[in-house]
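Asker: Everything below, folded, please.
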Amino acid sequence: MLDKLKAILDFIDYGHSELYSAQNDLPDYDGNSSSRDYMSQAESYIEEAREGLEEVIEELEEKE
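Answerer: Numbering: from 1, shown residues only. Coordinates of the predicted model:
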């Protein structure tokens with residue numbers, strides 16, 4: 001189970017990286033500002049998920 005959680009964490013990191021690239025490659029037009037806001041919010045959700053999963057992994061590793 002711990003291996004699966006670590007694999008999920010890797011996918012979260014891949015998704016975060018893709019989101020970061022998309023934000024940086026989005027042209028700086030006024031029409032894109034709402035898209036940037038949505039992407040920024042998505043980034044914060046990904047960060048929360050990563051932090052929560054890292055805590056679970058640490059707790060499981062301590063129990064082993």
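
Asker: count of residues packed around Glu61?
Answerer: Glu61 has 10 neighbouring residues, counting by other C-beta atoms under 10 Å. Placement of C-beta: from N, CA and C, glycine included.

Asker: what residues are up against it?
Answerer: Residues in contact with Glu61, defined by C-beta atoms under 8 Å, 6 or more residues apart in numbering, are Leu2.

Asker: Which of the helices or strands spans it?
Answerer: Using DSSP states H and E, Glu61 sits in helix 33-63.

Asker: ditto for Asp28
Answerer: Per DSSP H and E, there is no helix or strand for Asp28.

Asker: what residues are up against it?
Answerer: Residues near Asp28 by C-beta under 8 Å, 6+ apart: none.

Asker: for it, phi and psi?
Answerer: phi -90, psi 70 (degrees, to the nearest 10).

Asker: distance of it from Glu43?
Answerer: Distance of Asp28 to Glu43, given as C-beta to C-beta, to the nearest Å: 18 Å.

Asker: buried residues in the helix holding Glu61?
Answerer: Neighbour-count burial for helix 33-63, counted by 16 or more other C-beta atoms under 10 Å, picks out 46, 50.
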